[in-house]
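Visitor: Return a 3D structure for these sequence lines:
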Amino acid sequence: MSSLLRKLDELLLKHQSLTMARHLRDVLGSISTNLAKLSELDDPSLTMNYWMKDVRELFYDMEDCVDQFIYGDDTDAKIEWINDIFLGFKTRVDELIERCGRYKFAEFSFNHPTTTVRHCVRMVYGEPRPAVSVVMESRTNELPWIMELKIHEASDPQLKVVSILGDEGVGKSTPSQKLWCELGGQFECRVFVQTAKKPDMRRILRSILSQIHQQKPPQAYQVPHLIHDIRKHLKDKRYFLIIDDLWAVSVWDVISRAFPEGNCSSRIITTTTIKDVSCILKMKPLSENQSKTLFANFNDVARKCRGLPLAIICIGTLIASQLDTLQQREDVLKFLNHNFKTNSTSVDTLNQVLELCYNSLPHCLKSCLLYLSVYPGNYLILKLDLVKQWIAEDFICTPEGKDIADVASSYFDELLRFGLIQRMDIISNKGLLPYTVHPVVIDFITSKSMEDNFVTIIDYSQSAVVLTEKIRRLSLHFGSATYAMMPASMGLSQVCSLAFMGLLGCMPSLEEFKIVRVLILHLHGDSGNTRFSLAEILNLILLRYLQVRCNVSVELPCQMQCLKQLESLEINAGVADVPSDIVHHSTLQHVRIGEKTDYYRNLAKGPVTIIQDALSSKHLPAVQVFELLPPICILSRLPWWIGQLASLRILKVVVKELGRYELDHLGKLPVLEVLSLYVRKPAMYGGVTFHSHAPFPALEDFKLVSAVLQLRFPRKGMPRLTRLKICFNAWSGGSNSDILGGIEHLEKLEEVVACIGVATGADETDCTDAEAALQDTIDKHPRCPKFVKGK
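Guide: Numbering: from 1, shown residues only. This is a model prediction of the structure:
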């Protein structure tokens with residue numbers, strides 16, 4: 001709601017003659033105050049709910065019109081048009097005020113105080129607060145006896161399948177993830193995959209194939225082909241698979257066909273609520289004593305949580321959230337004891353807890369939580385993506401003097417503390433940690449979103465559904481369904497956010513989405529599709545965020561400056577050509593173009609397209625994320641102007657070769673936190689050396705990929721670096737003594753990841769020697785950082 005009021009203020013500064021807009025601005029401020037107070041009531045009446053819904057619809061419609069006026073052509077005809085529009089809105093505003101007075105909503109909101117737990121969460125910006133965590137050691141100790149039998153049993157080399165059984169929210173995934181970390185290194189291949197209540201079999205199988213085979217999954221996009229390729233790559237290998245959240249026997253029947261039995265002592269673990277999958281290990285809820293570890297004297301609350309870890313984390317975080325006095329805590333406990341039902345199922349208990357936590361959140365955080373429903377169940381989400389989407393949606397309430405990206409990041413951390421977002425520690429997407437949402441939470445927020453008309457979610461089975469309300473945010477979960485389509489009666493003119501996950505042939509035309517601001521397209525080309533044109537986006541004048549993930553080549557428009565509001569452009573696919581005016585775009589803050597691949601294995605492969613170095617830094621003053629990746633974005637050298645992008649936080653770039661002093665330009669960037677540098681040709685002068693004093697003051701994560709690697713770190717350089725990843729080839733007879741010279745100067749270093757390939761003429765012995773030399777160098781570091789052998 002605040003975004004409309006802010007835009008009206010901006011409009012009135014430029015067009016003071018719009019007297020009706022000034023009147024509406026004052027009245028809408030009062031209506032917004034009443035709406036905020038009514039939304040805090042424990043059990044608003046049906047009349048109140050209808051009024052609040054109509055207010056939200058009014059705000060949506062007005063903001064759409066204001067945006068079209070502000071960002072369209074500024075003409076006298078448009079002034080007349082917006083005046084007429086405001087007159088029409090005045091009729092709706094007057095009707096809402098009359099209803100508010102007739103039912104005495106304002107008086108009601110003041111005379112009916114809310115419970116003490118409503119909106120008790122006070123946002124804290126800056127360093128994230130520690131999360132409430134459940135100590136699971138005693139529970140994971142239930143597993144070793146069966147895992148010793150199934151995983152370490154050398155006398156029985158047959159494939160074994162263990163199923164961890166339990167109700168939703170009982171904590172089945174935690175022990176499976178611990179086993180993955182502790183035992184996964186003993187196997188040649190390991191895979192972690194999540195299913196969903198409405199599974200996309202092709203996506204699941206493609207995920208499995210991408211984890212066991214580094215190359216891009218084949219274009220042949222049929223289940224039988226994928227199963228055949230998986231069996232082929234797993235044949236005669238010892239593999240370890242975890243299939244999380246298996247919801248149906250039919251899913252297991254398909255997936256299991258991809259796993260050769262063999263005689264290699266391979267093992268599979270599933271977590272499930274069904275009893276029909278191989279050997280069963282039943283997970284029990286936490287005992288009362290284990291539950292109490294979070295609550296100390298809060299015995300009644302611990303008992304009401306029924307030993308469900310998710311419920312305990314949510315309630316524990318709620319109690320810990322800025323409740324400063326004993327009286328406040330006692331009030332909360334009384335409320336919990338009064339409202340929690342005693343004889344409820346585990347799912348009912350979780351829903352009660354989620355309802356309580358949802359009601360405790362500030363309205364801006366509620367919007368961020370509900371927005372997660374645009375993604376299907378068990379979808380992997382990156383924090384950076386979600387934060388940018390929230391900003392583009394205008395969900396973030398930024399206090400004066402605070403950076404909007406930092407505030408949005410703190411929102412994410414708050415939802416993570418509550419357990420409403422969960423970290424997937426065992427999966428890494430090219431160094432970025434993904435997150436997911438618990439299935440029970442997805443069900444809860446999906447129901448809330450549909451109830452409030454916040455997000456409209458359509459899957460492949462709902463082509464005949466009839467929708468009577470205006471659609472504001474549309475998420476199409478079509479998966480791999482070949483003939484999925486939108487309901488014919490669906491109106492799209494008010495859609496401000498579109499997310500599409502499905503086959504390219506099922507995607508609707510973008511021409512119908514005139515006012516869309518956020519566009520998320522996760523596509524897969526089916527038979528016959530080799531290219532995907534984005535020419536239609538030129539009509540989307542309000543577009544702020546564009547993300548495309550696709551397995552076919554994407555054709556961008558030749559020029560994009562007409563998209564004057566575009567702040568984030570991410571094309572994770574092959575791109576036919578880069579728009580000629582992209583570097584002149586004044587509003588772009590996040591740029592990612594090109595497809596991520598396993599570069600250190602393909603240093604000499606792929607087409608080379610050179611981005612001219614003669615670009616001026618003044619054209620990209622606000623860029624915070626800059627990623628130019630193959631197959632088209634390979635720079636001849638590292639441009640000097642990148643070193644002048646003072647707001648740059650993340651840089652990922654590929655260069656043909658690295659000049660002696662080129663890294664020194666980057667070392668001066670004051671807020672650069674993540675640097676990934678891919679060098680195709682070895683440096684002629686011997687290695688990568690930093691010549692400037694105290695370079696990279698903010699860098700936390702550094703990745704360097706080069707066929708030949710020699711790194712020398714200076715004193716006082718990279719004082720905040722915690723993670724270093726290096727990818728290089730071991731050479732026959734090569735010296736490994738100075739691969740990481742001066743590593744002891746990296747005072748905060750916690751982890752070193754090394755991906756070591758084998759150069760032409762070398763063998764595995766050379767690779768082993770390089771690894772041993774690295775281990776010796778790292779062992780001499782005073783902090784003894786963790787050494788991880790990557791793939």
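Visitor: For my notes, confirm Arg6 occurs in a strand.
Guide: No - counting by DSSP: H, G, I helix; E, B strand; the rest coil, Arg6 is not part of a strand but helix.
Visitor: What's the local residue count around it?
Guide: By other C-beta atoms under 10 Å, 12 other residues sit near Arg6. (Each C-beta comes from the backbone N, C-alpha and C, glycine too.)
Visitor: Read off the pLDDT value for it.
Guide: At Arg6, the model reports a pLDDT of 88.
Visitor: same check, this time on Val554
Guide: Val554 is given a pLDDT of 87.
Visitor: Now do the strands in the stretch 51-200 of the chain.
Guide: Under the criterion DSSP state E, counting those that start in this stretch, the stretch 51-200 of the chain contains strands at 160-165, 189-194.
Visitor: next one: the stretch 201-350 of the chain
Guide: Under DSSP E, counting those that start in this stretch, the stretch 201-350 of the chain gives strands at 239-246, 267-272, 279-282.
Visitor: want to try JSON lines for the strands of the stretch 51-200 of the chain, with distance to Asn34 and mean neighbour count as columns?
Guide: Converted to JSON lines, the strands of the stretch 51-200 of the chain look like this (distance: least, C-beta to C-beta, whole Å; neighbours: other C-beta atoms under 10 Å):
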{"stretch": "strand 160-165", "distance to Asn34": "50", "mean neighbour count": "21"}
{"stretch": "strand 189-194", "distance to Asn34": "43", "mean neighbour count": "21"}
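Visitor: Excluding chain neighbours, what is closest to Gly761?
Guide: Spatially, and ignoring its direct neighbours in sequence, Gly761 is nearest to Ser732 (4.8 Å; C-beta to C-beta, 6 or more residues apart in numbering).
Visitor: What of Leu58?
Guide: If the residues on either side of it in the chain are set aside, Leu58 comes closest to Arg92, at 5.5 Å by C-beta to C-beta, 6+ apart.
Visitor: burial count for the one you found?
Guide: The number of residues near Arg92, taken as other C-beta under 10 Å, comes to 15.
Visitor: Report the separation between it and Tyr60.
Guide: 12 Å (C-beta to C-beta, to the nearest Å).
Visitor: Just name the most buried of the strands of the stretch 201-350 of the chain.
Guide: For these, the largest average neighbour count (mean count of other C-beta atoms under 10 Å) is found in strand 267-272, namely a mean of 25.
Visitor: got the angle for that one vs strand 160-165?
Guide: 20 degrees (axes from the mean of the first three to the mean of the last three C-alpha atoms, to 10 degrees).
Visitor: related to what we said a few turns ago, could I get the pLDDT score of the residue nearest to Gly761?
Guide: Ser732 carries a pLDDT score of 79 in this model.
Visitor: Touching, it and Ala759? I think so.
Guide: Yes - contact criterion C-beta atoms under 8 Å: Ser732 and Ala759 qualify, at 7.2 Å.
Visitor: So for those two, which sits in the more crowded spot?
Guide: Set side by side, Ser732 and Ala759 show more neighbours around Ala759, with 16 against 12, by other C-beta under 10 Å.
Visitor: Surely that one touches Leu709?
Guide: No - taking C-beta under 8 Å as the definition, Ala759 is not a contact partner of Leu709, at 11.3 Å.
Visitor: Could you chop this structure up by domain?
Guide: Structural domains annotated on the chain: 2-111, 137-282, 325-439, as defined by automatic domain parsing.
Visitor: separation between the residue nearest to Met507 when sequence neighbours are not counted and Asn551?
Guide: Excluding the flanking residues, the one nearest Met507 by C-beta to C-beta, 6+ apart is Phe500, at 5.6 Å. For Phe500, the distance to Asn551 (C-beta to C-beta) stands at 14 Å.
Visitor: tell me the SS of the residue nearest to Gly761?
Guide: From three-state DSSP, the assignment for Ser732 is coil.
Visitor: which residues touch it?
Guide: Ala759, Gly761, Ala762, Asp763, Asp766 (C-beta atoms under 8 Å, 6 or more residues apart in numbering).
Visitor: could you redo the last one with a cut-off of 10 Å?
Guide: Contact partners of Ser732, counting by C-beta atoms under 10 Å, 6 or more residues apart in numbering, are Val758, Ala759, Thr760, Gly761, Ala762, Asp763, Thr765, Asp766.
Visitor: Was I right to think the third one contacts Ala730?
Guide: In other words, Thr760. No - using C-beta atoms under 10 Å as the test, Thr760 is too far from Ala730 to be in contact (11.1 Å).
Visitor: In terms of neighbours, single out the busier of those two.
Guide: Ala730 (22 against 7).
Visitor: any low-confidence regions in the stretch 401-550 of the chain?
Guide: Across the stretch 401-550 of the chain, residues meeting the criterion (pLDDT under 70) sit at 426-432, 463-464, 466, 468, 527-529.
Visitor: just so I have it, where are all the strands in it?
Guide: With DSSP E, counting those that start in this stretch as the criterion, the stretch 401-550 of the chain has strands spanning 422-423, 434-436, 456-459, 473-477, 497-503, 518-524, 531-533, 545-549.
Visitor: For Tyr483, which of those strands is the nearest?
Guide: Nearest to Tyr483, of all the strands of the stretch 401-550 of the chain, is strand 497-503, at 9.4 Å by C-beta to C-beta.
Visitor: helices and strands around the closest one, which ones?
Guide: Under the contact criterion of 3 or more C-beta pairs under 10 Å, 6 or more residues apart in numbering; DSSP states H and E, strand 497-503 touches helix 383-392, strand 456-459, strand 473-477, strand 518-524, strand 545-549.
Visitor: So which of these is the most surrounded?
Guide: strand 473-477 (a mean of 24).
Visitor: For that one, which strands pair with it and how are they oriented?
Guide: strand 456-459 (parallel), strand 497-503 (parallel) (DSSP bridges).
Visitor: now the angle from that strand to strand 518-524?
Guide: 10 degrees.
Visitor: can I assume Leu675 sits in a strand?
Guide: Yes - with three-state DSSP as the criterion, Leu675 is assigned to a strand.
Visitor: returning to what we had before: nearest to Leu467 among the strands of the stretch 201-350 of the chain would be which one?
Guide: With C-beta to C-beta as the measure, strand 239-246 is the member of those nearest Leu467 (29.1 Å).
Visitor: quick one on the thing from earlier: can you check which residues contact both of Ser732 and Ala759?
Guide: Residues within reach of Ser732 and of Ala759 at once, by C-beta under 10 Å, 6+ apart, are Asp766.
Visitor: what's around the closest residue to Ala36 other than its chain neighbours, how many residues?
Guide: Closest residue to Ala36 apart from its sequence neighbours, by C-beta to C-beta, 6+ apart: His363 at 6.6 Å. His363 sits with 15 neighbouring residues when counted by other C-beta under 10 Å.
Visitor: do Lys172 as well
Guide: When counting by other C-beta under 10 Å, one arrives at 25 neighbours for Lys172.
Visitor: just to revisit the earlier point, in terms of contact, does the residue nearest to Ala36 touch Glu40 like I think?
Guide: Yes - when contacts are counted by C-beta under 10 Å, His363 is listed as touching Glu40 (8.9 Å).
Visitor: sorry, back to before: okay if I get the strands of the stretch 401-550 of the chain as CSV plus distance to Ala21?
Guide: Formatted as CSV, these follow (distance: least, C-beta to C-beta, whole Å):
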stretch, distance to Ala21
strand 422-423, 45
strand 434-436, 41
strand 456-459, 30
strand 473-477, 26
strand 497-503, 25
strand 518-524, 26
strand 531-533, 39
strand 545-549, 27
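Visitor: how about the helices in the stretch 401-550 of the chain?
Guide: Counting by DSSP state H, counting those that start in this stretch, the stretch 401-550 of the chain has helices at residues 404-417, 439-451.
Visitor: Would you mind pulling up the elements that the last one packs against?
Guide: Yep, that's helix 439-451 we're talking about. Counting contacts by 3+ C-beta pairs under 10 Å, 6+ apart, helix 439-451 packs against helix 309-320, helix 346-360, helix 363-371, strand 456-459, strand 473-477.
Visitor: Ok, which of those comes nearest Leu666?
Guide: helix 363-371 (33.0 Å).
Visitor: Show me what the closest one is packed up against.
Guide: Using 3+ C-beta pairs under 10 Å, 6+ apart: helix 363-371 touches helix 346-360, helix 383-392, helix 404-417, helix 439-451, strand 473-477.
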